[in-house]
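Asks: mind looking at a prediction? Sequence and model below.
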Amino acid sequence: MCRTVDLHQAVLAKNDENALTLRGYLGDRGTTAVNLLSSPGSGKTALLERLLARAVAEGTPAAAVTADLATENDATRLARSGAPVRQILTDGLCHLEAGMLRRQLDGWLPEGTRILFVENVGNLVCPASYDLGETLRIALASVTEGEDKPVKYPTAFGLAHLVVVTKTDIADAVGFDREAFLRGVEQVNPGVPVLETSARTGRGVDALLDHVLRCAAGETPHTPVLAQEHARHLHSHEHETGPAQANGHHPQTAGQRPSGAGHAHTTDRHASGPGDPHTAHRPVGPGHPQEQEPAR
């Protein structure tokens, strides 16, 4: 058991190193990364499609990476917005990692991209522990998932810089207890902003994009209490074991990002490293058979 825990900590520590490198890479390019976490079926793809379309309409250079275990359905859907989109197929891996994301951005991320939305694998457990070099981490929950979602998944919601409620247009129909949900959010992440949205009606889309753009312009996101606790743990653990073994898997905050422009629509799958012969780079859409990598 101890060896298993040590291995997990080593994996997270390595991811933190890669996230730090990725954060610097994005900062040098003037790109703000937004990590979107939710359960499957929360409506984050529909909301992201609206966000991308709005960004394109306003002339904001935005791009998206979307991760799934299989199929490129989400990338095909998001590409309708007119923004550059890249699909990553993880072939069973339940989360994205910073090194994996960096390999997919190399040679693809359009120059001048101001906002990079990263739609993580639908899962509120594994992805919560992996920093992807993001400036803004958003945890989403739909009204159909129940008002106790934040307290059931305290790490995902406790490390979020912003919480977004989706599908509010059917909140009354499903008996969503808004006040109970907000109490749960406050319990695990005191003071975190909460935005209520509907991809169907457009409610909250402008407010959400404005929030993202303010962070891209240098506004400091909310600092979760849980992230502060993780940082203190990391500092203490580094004194005991050294930085290479420290486990400080908490989202970081990057600085100001200038704007730019660019376009590309491609699909990729999880690659084990640069030059991996199994990695496929191809346009999104029909007529492109999928290539997948053996599960890691």
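Replies: Structure's in. What do you need? Bear in mind that the values here come from a model prediction, so they are computed numbers and not experimental data.
Asks: list the contacts of residue 154.
Replies: Residue 154 makes contact with 188, 226, according to CB atoms under 8 Å, 6 or more residues apart in numbering. Heads up, the C-betas are built off the backbone N, CA and C, glycines and all.
Asks: next one, pLDDT for it please.
Replies: According to the prediction, residue 154 has pLDDT 97.
Asks: start the count at 41, not 1, going forward
Replies: Shifting the count to begin at 41 puts that one at residue 194.
Asks: could you measure from it over to residue 227?
Replies: As judged by CB to CB, to the nearest Å, residue 194 and residue 227 stand 8 Å apart.
Asks: tell me how far the closest residue to residue 123 other than its chain neighbours lies from residue 268.
Replies: Computed as CB to CB, 6 or more residues apart in numbering, the closest residue to residue 123 that is not its neighbour in sequence is residue 92, at 4.2 Å. Counting by CB to CB, the gap between residue 92 and residue 268 amounts to 32 Å.
Asks: neighbour count for those two, which is higher?
Replies: Using other CB atoms under 10 Å, the more surrounded residue of residue 92 and residue 268 is residue 92, with 25 against 11.
Asks: can I get the CA coordinates of the helix or strand harbouring that one in PDB?
Replies: For residue 92, the element it lies in under DSSP states H and E is helix 84-98. Provided in PDB are the C-alpha atoms of helix 84-98 (Å, rounded to 0.1, in the frame of the first residue of the first chain):
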ATOM      1  CA  LYS A  84     -20.300  21.400 -20.700                       C
ATOM      2  CA  THR A  85     -19.900  20.600 -24.400                       C
ATOM      3  CA  ALA A  86     -23.000  22.500 -25.300                       C
ATOM      4  CA  LEU A  87     -22.000  25.400 -23.100                       C
ATOM      5  CA  LEU A  88     -18.500  25.400 -24.500                       C
ATOM      6  CA  GLU A  89     -19.900  25.500 -28.100                       C
ATOM      7  CA  ARG A  90     -21.900  28.600 -27.200                       C
ATOM      8  CA  LEU A  91     -18.800  30.200 -25.500                       C
ATOM      9  CA  LEU A  92     -16.600  29.500 -28.600                       C
ATOM     10  CA  ALA A  93     -19.200  30.900 -31.000                       C
ATOM     11  CA  ARG A  94     -19.500  34.000 -28.900                       C
ATOM     12  CA  ALA A  95     -15.800  34.400 -28.700                       C
ATOM     13  CA  VAL A  96     -15.500  34.100 -32.500                       C
ATOM     14  CA  ALA A  97     -18.300  36.500 -33.000                       C
ATOM     15  CA  GLU A  98     -16.600  39.100 -30.800                       C
END
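Asks: list the buried ones in it?
Replies: 84-96 (16 or more other CB atoms under 10 Å).
Asks: nearest to residue 245 among those residues?
Replies: Of all these, residue 245 sits closest to residue 90, with 4.9 Å by CB to CB.
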